[in-house]
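>>> sequence first, then the predicted structure:
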Number of protein chains: 2
Amino acid sequence: MRRSTSILKVLAATGTVLAGVSALAQQAEPLAIREQGSLFAGGSVASTPGTYDNNAPGAEGQSLHGDHLYAFYQIPQDARSTPIVMLHGAMQSARSWETTPDGREGFQTLFLRKGYPVYLVDQPRRGRAGNSLEAATIEPTPLDQLFFDQFRLGIWPDYFEGVQFDQGPEALEQFLRAVTPNTGPYDPNVIADAMSALIDRTGPAILFTHSQGGGPGWLTAIRNEGVRAIVAYEPGSGFVFPEGEVPETMPSAAGPLAAESVPLEDFKKLTRFPILIYYGDNIPAEPTERRGEDNWRVRLDMARLWVEAVNRHGGDANLVHLPEIGITGNTHFPFSDLNNVQIAGHTAQFLAEKELD
Amino acid sequence: MRRSTSILKVLAATGTVLAGVSALAQQAEPLAIREQGSLFAGGSVASTPGTYDNNAPGAEGQSLHGDHLYAFYQIPQDARSTPIVMLHGAMQSARSWETTPDGREGFQTLFLRKGYPVYLVDQPRRGRAGNSLEAATIEPTPLDQLFFDQFRLGIWPDYFEGVQFDQGPEALEQFLRAVTPNTGPYDPNVIADAMSALIDRTGPAILFTHSQGGGPGWLTAIRNEGVRAIVAYEPGSGFVFPEGEVPETMPSAAGPLAAESVPLEDFKKLTRFPILIYYGDNIPAEPTERRGEDNWRVRLDMARLWVEAVNRHGGDANLVHLPEIGITGNTHFPFSDLNNVQIAGHTAQFLAEKELD
């Protein structure tokens, strides 16, 4: 692989990089934060038998803490009672929710401004929760162009017309540098265990999930009665159906999408609270050879079947395909798209309707 | 390795875990934050030759962004003009500065309260800046007991008498879960390149470093004139001396400590700004077989030689061995010890004396 000078270095020299951020900040009221900090929740401890020798340390008698999650929390002054816990997707970290690729406020700050305590998670074996009890090898793998397509910015190297993504080089660079690898095998049950431990600490909470985080989100609510609502932005995998009601695997240009089976008793736990699922734009209704788009066609189809199943069993699941309500151009990251203030407003209205404000 | 139930799970069930945090928060004034968010700085791009096939993506024609740093920033209302950039040490992340192991405010919040803009870094190949351009294998390695000794909490399993560390099980658990691995080879030059790119964006800044971060801190100041001061908490390696003035390698029970050589012209760049180095308690004056303590005996000795070298060349370097000024019990993490408010006050006074407030 060849290496080139970072675009950032060039832009930094011109002094233009943070101009957008500063301009925005001058218009907004300051945030009043009553309390902030971070914590680790859940996880396990692995121990090696033997006696620890302080002066010649080996593995014998030593332990390792791992498989926990990390969360940074902020509690605003005059906070609402129910916090929002935000869980990122594949190849991402809590950064997803902090700042948009073009440097504006992310959902972290937008929902703090709406009065919610906000907890941002790095899931087990990702980001600052990197200690895994299982080994991993990380290979530098070039995937920028695949992500451009798969996250529906466009068809590389062209952006979709009207896409809600800043088309300057800096935004794309920030977006691509947000990618961060797993430091252990991906395991939705390890994530859900840690999420449930977090909700034991926060008390009853609203859960926002993104993409791959959708699956662990449902599993968390099955484990913990403290989940009061889930808002899932473009859930990508881990759709759980009751045994005997699992839809057929759906083929796509990006590979097959299989649903998963859970006992009916567990599935019914997903009918106890309101659920809202969003999908953005440029998801075709009919099969296409274009891999990046076809990937989401089957996920949207599966989500529709899933919403039907939840409601068939007495739940309150809702699916918003944004173009159908006139909101166009959204990528796979609607919470950090150019219209993320509008998306946040839509979500906040849902929470208000469900009396979670 | 055996696995056991997390202590956290037990404590969470009793509802006692966050009591300390809440009690503190009720006493403090809310933080007024004008602006917050995160960014990536520095890094490189690796590209694979060939043509990208959108519908059958392989490595050909794809790129990878990596080796950048990640920083979360907060700018208080009525902020001072010079921000503080905080760089963690080995096996740690920006979490180091956020919260103490016993759940009180860390240096992030304490220095925001003092009016400084604060940037918290995850260095390249660590935490949320996980994308490395070099491969790595991460093995789960039991090191809890070694860290207990090496970070000078005590001699495992006994705490030092009077140590500034909460001796309840929850604080130790939070402390040990803050450990997070490298996702690529440790390279102080990659870190310093990214740190310099960050300071291009922040403008002139004060740098706080911890432990292994000390070395990249000096290298950052050699690269970038924007460094206005460095406060190094227990620098652990990477002491750079002018060619021809490098001290002999120092043997210790924890292995040898070698100094490093840089051109005199580069070294002199470290004489342009004030430097303050802290070391804590339980560092012996004479060699000992106790590995965890002897490790710091040679580092303190090396730091003393380094301060002399900087000042011999016209600089303003200062070393505070905390017990010598009557502050006792500090571990390797003085900024998150039980007396961290006192330590923050001492550092703030130094910045004021140097007219950096």
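Cool, got the structure. Residues are numbered from 1 along each chain as shown, chains lettered A, B, ... in the order given.

>>> what separation is there between A:T220 and chain B?
Applying Cβ to the nearest Cβ, to the nearest Å, the value for A:T220 to chain B is 15 Å. In short, each C-beta sits where N, CA and C put it, glycine included.

>>> let me see the contact set for the nearest residue to A:G280 once chain neighbours are set aside.
What sits nearest to A:G280 in space, not counting adjacent residues and going by Cβ to Cβ, 6 or more residues apart in numbering or on different chains, is A:N330, at 3.0 Å. A:N330 makes contact with A:164, A:280-281, A:322, A:337, A:339, A:343, according to Cβ atoms under 8 Å, 6 or more residues apart in numbering or on different chains.

>>> now with 10 Å, please.
A:N330 sits next to A:152, A:163-165, A:233-234, A:278-283, A:321-323, A:337-340, A:342-343 when contact means Cβ atoms under 10 Å, 6 or more residues apart in numbering or on different chains.

>>> for ChimeraX, write the select line for the buried members of the residues you listed.
A single ChimeraX command selects the buried members of the contacts of A:N330 (16 or more other Cβ atoms under 10 Å in any protein chain shown):
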select /A:152,163,164,165,233,234,278,279,280,281,282,283,321,322,337,338,339,340,343
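
>>> which of the contacts of A:N330 fall within strands?
A:233, A:278-279, A:321 (DSSP state E).

>>> how much space between A:W97 and A:V85?
For A:W97, the distance to A:V85 equals 10 Å [Cβ to Cβ, to the nearest Å].

>>> do the same with A:L153
A:L153 is 27 Å from A:V85, by Cβ to Cβ.

>>> residues contacting the residue in the stretch 251-357 of chain A that chain B sits nearest to?
Of all residues in the stretch 251-357 of chain A, A:R291 sits closest to chain B, at 4.9 Å by Cβ to the nearest Cβ. By Cβ under 10 Å, 6+ apart, A:R291 lies in contact with A:146, A:149-150, A:155, A:252-255, B:53-57.

>>> among those residues, which pair sits farthest apart?
A:I155 and A:G255 (18.5 Å; Cβ to Cβ).

>>> of those two, give the one with the bigger neighbour count.
The neighbour comparison of A:I155 against A:G255 (other Cβ atoms under 10 Å in any protein chain shown) goes to A:I155, with 17 against 12.

>>> can you name the residues that contact the more buried one?
Counting by Cβ under 10 Å, 6+ apart, A:I155 has contacts A:148-149, A:282, A:290-293, B:54-55.

>>> and the buried ones among those, selectable in ChimeraX?
To isolate the buried members of the contacts of A:I155 in ChimeraX, using 16+ other Cβ under 10 Å:
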select /A:148,149,282,290,291,292,293 /B:54
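
>>> report the two of the contacts of A:I155 separated the most.
For the contacts of A:I155, the maximum inter-member distance is 15.4 Å, found between A:N282 and B:N55 (Cβ to Cβ).

>>> mind saving the C-alpha coords of the longest helix seen in chain A as CSV?
Counting by DSSP state H, the longest helix found in chain A is helix A:291-312. Written as CSV, here are the backbone C-alpha positions of helix A:291-312 (Å, rounded to 0.1, in the frame of the first residue of the first chain):
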residue,chain,number,x,y,z
ARG,A,291,-24.1,-4.0,-3.5
GLY,A,292,-24.1,-1.0,-1.2
GLU,A,293,-27.8,-0.3,-1.9
ASP,A,294,-29.0,-3.9,-2.1
ASN,A,295,-27.5,-4.6,1.4
TRP,A,296,-30.1,-2.2,2.8
ARG,A,297,-33.0,-3.3,0.6
VAL,A,298,-33.1,-6.7,2.5
ARG,A,299,-32.6,-5.1,5.9
LEU,A,300,-35.5,-2.7,5.4
ASP,A,301,-37.6,-5.6,4.2
MET,A,302,-36.6,-7.7,7.3
ALA,A,303,-37.3,-4.7,9.6
ARG,A,304,-40.8,-4.5,8.2
LEU,A,305,-41.4,-8.1,8.9
TRP,A,306,-40.0,-7.7,12.4
VAL,A,307,-42.2,-4.7,13.2
GLU,A,308,-45.2,-6.8,12.1
ALA,A,309,-44.1,-9.6,14.4
VAL,A,310,-43.7,-7.3,17.4
ASN,A,311,-47.1,-5.7,16.9
ARG,A,312,-48.7,-9.1,16.2
